[in-house]
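> Quick one, what's the 3D model for this:
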Amino acid sequence: MKRFSAPIIWLAGILLVALIVLFNAAVLMRYAFGQPIHFTEEVSGILLIWIVMIGAIDAERLNQHLAINVVTDLLREKPRLVLDFLTDVASVIVLLFVAWLGWKLANTVQFKLTGILRISWFWIDLAIPVGFVGVTLVMASRAVRSFQRLRLRDRA
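Model (predicted):
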């Protein structure tokens, strides 16, 4: 999974830089030249959606998503490993279901165009399945590691 993290981080970083440059250009054009950039709001919304969905992949890889460990911290090692594995498997199932729903949404709105740039909403809504499939891959690799740790513990 580590080899895939660099392109994800770079993509999110490039999109974030594009968003910052766009905001600065919009402020400069509006207040210095009195000529607003009309597509700023639309493009910034699209960029923000993609940044969040791509960032979620790396946040999951770094185990930075919100977790409540009150119950798992009270468990012994084997029950905790079993619970970790079951949680990972359940997460993969839910994430794949949401990715599928996102794909259906993207296909449903593919002929709907944005108001200013006339971009298909497909490209905006595609961020949902891309992000959720990415997080699913991270969770699936974590489930495999949980299963391996469980098997190693049983052998010891």
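> where does the protein dip in pLDDT?
Within the chain, the stretches with pLDDT under 70 are 1-2, 156.
> which residues in it form helices?
Taking DSSP state H as the test, the helices found in the chain are 2-32, 40-61, 70-74, 77-108, 121-125, 127-155.
> Out of those, which is closest to Gly115?
Closest of the helices of the chain to Gly115 is helix 40-61, at 6.8 Å (criterion: C-beta to C-beta). Using the backbone N, CA and C atoms, a C-beta is placed for each residue, glycine as well.
> Specify the angle between that closest one and helix 2-32 in degrees.
Between helix 40-61 and helix 2-32, the angle comes out at 160 degrees (axes from the mean of the first three to the mean of the last three C-alpha atoms, to 10 degrees).
> Can you tell me what sits against helix 40-61?
If you take C-beta atoms under 8 Å, 6 or more residues apart in numbering as the criterion, helix 40-61 is touched by 1, 5, 8-9, 11-12, 15-16, 18-19, 22-23, 25-26, 65, 114-117, 119, 123-124, 127-128, 130-132, 134-135, 137-139.
> And Ala143, how far from Leu83?
12 Å (C-beta to C-beta, to the nearest Å).
> more neighbours, those two?
Ala143 (19 against 14; other C-beta atoms under 10 Å).
> Would you enumerate the residues in contact with the nearest residue to the more buried one once chain neighbours are set aside?
Once flanking residues are discounted, Ala143 sits nearest to Asp88: 3.6 Å by C-beta to C-beta, 6 or more residues apart in numbering. By C-beta under 8 Å, 6+ apart, the residues touching Asp88 are Met139, Ala140, Arg142, Ala143, Ser146.
> again, only using 6 Å
Contacts of Asp88 were listed using C-beta atoms under 6 Å, 6 or more residues apart in numbering, and they are Met139, Arg142, Ala143, Ser146.
> Repeat that for Phe132.
Contacts of Phe132 by C-beta under 6 Å, 6+ apart are Leu95, Val98, Ala99.
> Number of residues surrounding the first one?
As a burial measure, Leu95 scores 21 neighbours (other C-beta under 10 Å).
> Apart from its neighbours in sequence, what residue is nearest it?
Going by C-beta to C-beta, 6+ apart, Leu95 has Thr136 as its nearest residue, at 4.2 Å.
> so that neighbour sits right up against Ile93, yeah?
No. In terms of C-beta atoms under 6 Å, Thr136 does not count as a neighbour of Ile93; the distance is 9.2 Å.
> No further queries at this time; thank you.
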